[in-house]
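Novice: got a predicted structure here, sequence first:
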Amino acid sequence: MNKLDALRSMTVVVADTGDLEAIRRLRPQDATTNPSLILKAAQLTAYQPLLQQAVHWAQQAGNSDSLVDNAADKLAVSIGCEILQVIPGLISTEVDARLSYNTEATLAKARKLIALYEAEGIQRDRILIKIASTWEGIQAARQLEQEGIHCNLTLLFNFTQAVACAEAGATLISPFVGRILDWHKAQQPDADLSGDNDPGVQSVSQIYQHYKNHGYQTVVMGASFRNRGEIEALAGCDKLTISPELLAELESTAGELPRRLQPQSSNGMERFSVNEQRFRWDLSEDAMATEKLADGIRRFAADQRLLEQRLQALL
């Protein structure tokens, strides 16, 4: 058995890409996209007709949003629809990162994306709306979940963020393993941060154990992997979203893969509640989480702007 098949026996494997050919080849259950992946996908030959269709739709839409906003939203949904034809599970589509600190605007964008999917005949139970794990984003997710719109709270770097997401009833969270490692490697370039010493692995393990110990239903999906070792160290996590390159590496590697995360394990922490004051204080006390959350929002916003520039040229 190769390690990808071994991983599938205990964890739902998710492809972190918008590349249809890679998804067909690697056969994941679900797929995730973000502005960076949509921008990358938009440069593929196979997706050029979707760009033209998105631009045409925007020109005909006639709603209050700008032409480029409409085209970008339509393109993200069109790519999601294409992916849903080749996977059995869920697609994650992300809200514009520039709305990360605006609850009402996030709600409006999420509802618009769901409406676009439903107009294509896709039921909302196959969609996860990705929202940054800011306080405002988490409150938007709380409301959306009550409306039957399922959310993937992303850009998650901190334990208090994770608890707040679970308390809000989020369907799924995406803690960013590799970006946590990046920060710590920059701070401690000579430290051994491999395997169980990887701070990103430690973070996801702590969150997973806390959720299981206290009965939270929110799914833990590790994301943003830098190497195969991080994935192997989280075998048994609810879901893992993995780049095509690392999926292929797992597929080409023979050997057993022991389960590392067990649902009956405990991190020894009592259940606690998170209000806005505690959320903001705990985040401000965590330099890594503060910096990586802001950096992630900036990066996604920058790629969203590049995508809009590409679409604007077609408009």
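Specialist: Right, received. Where do you want to start?
Novice: residues contacting residue 137?
Specialist: 95, 100, 103, 106, 131, 153 (Cβ atoms under 8 Å, 6 or more residues apart in numbering). In short, each C-beta sits where N, CA and C put it, glycine included.
Novice: wait, residue 284 touches residue 291, no?
Specialist: No: using Cβ atoms under 8 Å, residue 284 makes no contact with residue 291, being 11.1 Å away.
Novice: more neighbours: which of these two?
Specialist: Set side by side, residue 284 and residue 291 show more neighbours around residue 291, with 14 against 10, by other Cβ atoms under 10 Å.
Novice: any idea which element the more buried one lies in?
Specialist: Assigned by DSSP states H and E, residue 291 belongs to helix 287-314.
Novice: helices or strands up against that helix?
Specialist: Here helix 287-314 touches helix 35-41, helix 48-61, helix 67-84, strand 127-132, strand 151-156, helix 177-187, helix 276-285, going by 3 or more Cβ pairs under 8 Å, 6 or more residues apart in numbering; DSSP states H and E.
Novice: got the CA coordinates for the last one in PDB?
Specialist: Translated: helix 276-285. Backbone C-alpha positions of helix 276-285 (Å, rounded to 0.1, in the frame of the first residue of the first chain) are rendered in PDB as follows:
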ATOM      1  CA  GLU A 276     -14.700  39.200  21.800                       C
ATOM      2  CA  GLN A 277     -12.400  40.600  24.500                       C
ATOM      3  CA  ARG A 278     -10.800  37.200  25.100                       C
ATOM      4  CA  PHE A 279     -10.500  36.500  21.400                       C
ATOM      5  CA  ARG A 280      -8.700  39.800  20.700                       C
ATOM      6  CA  TRP A 281      -6.500  39.600  23.700                       C
ATOM      7  CA  ASP A 282      -5.400  36.000  23.100                       C
ATOM      8  CA  LEU A 283      -4.700  36.800  19.500                       C
ATOM      9  CA  SER A 284      -2.700  39.900  20.400                       C
ATOM     10  CA  GLU A 285      -0.600  37.900  22.900                       C
END
